[in-house]
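# structure for this input, please:
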Amino acid sequence: MPRKSGQPSAEGEAYDLSVNVGHLIRRTQQRVAAIYAAEIGRDLSSRQFSVLVAVSQNPGLAQINLVQMIGIDRSTLSALIERLVKRGMLTRERIATDQRADALLITPKGLAAVRKGIPGAYEVHRQVMQLLPAELRPAFVKALMILADWRDNGAALDRKKPARKTGPAKKPK
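Sure, this is the predicted structure:
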């Protein structure tokens, strides 16, 4: 049976990367990263910029809350924060009510990097959106928000996740 356009191919057919969602998202991320590097440079990665923006908008934010806010896993975020601390862009202070947790604060150097990067971030957004027809732009952003489970009025968060398969079903004896 022939495959409908836009659907991944079935087992046994040639695999078509041109319609594979994961492949397309990765390629899109590469394109956005190239635009980011051209506009903002390579001194501050987009993840580092996101961390600095989040901390500048939420001074004293606990590191664990930052994980939830920007969607970077804890170990990656710890290494990223360590680099920003060493670069003098962030400081960490123990939270008085929880000696296990660190509060993050942005330094003047970090704030300067955010202020310098914001016009470039707007330009990255503008350039990426210009690649799409105007009528697709709102739906594109909404789809990305749903996929990222981010600020979509809870719609994606309220959906039940499918049960995870742990292996082949056991046949009754």
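# check what contacts the longest strand that the chain contains and list those residues.
When the chain is parsed with DSSP state E, its longest strand is strand 98-106. The contact list for strand 98-106 (Cβ atoms under 8 Å, 6 or more residues apart in numbering) reads 52, 55-56, 59-64, 66, 81, 89-95, 114. No exception for glycine: its C-beta is placed from N, CA and C like everyone else's.
# ok, which stretches of the chain are helices?
21-39, 46-57, 63-70, 74-86, 108-130, 137-147, 155-158 (DSSP state H).
# save those as TSV, and put in distance to Asp102, mean pLDDT and mean neighbour count too.
Listed next are the helices of the chain as TSV, based on distance: least, Cβ to Cβ, whole Å; pLDDT from 0 to 100; neighbours: other Cβ atoms under 10 Å:
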stretch	distance to Asp102	mean pLDDT	mean neighbour count
helix 21-39	28	95	13
helix 46-57	11	96	19
helix 63-70	5	86	16
helix 74-86	8	94	15
helix 108-130	15	97	15
helix 137-147	29	93	13
helix 155-158	27	43	11
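# mind putting those helices in CSV, distance to Ala101 included?
Listed next are these as CSV, based on distance: least, Cβ to Cβ, whole Å:
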stretch, distance to Ala101
helix 21-39, 31
helix 46-57, 14
helix 63-70, 7
helix 74-86, 12
helix 108-130, 20
helix 137-147, 29
helix 155-158, 24
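# what residue is smack in the middle of the protein?
Gly71 (5.9 Å; Cα atoms, centre = their mean).
# how about the closest residue to Lys109 other than its chain neighbours, what does it touch?
Excluding the flanking residues, the one nearest Lys109 by Cβ to Cβ, 6 or more residues apart in numbering is Gly88, at 4.9 Å. Gly88 sits next to 107, 109-110 when contact means Cβ under 8 Å, 6+ apart.
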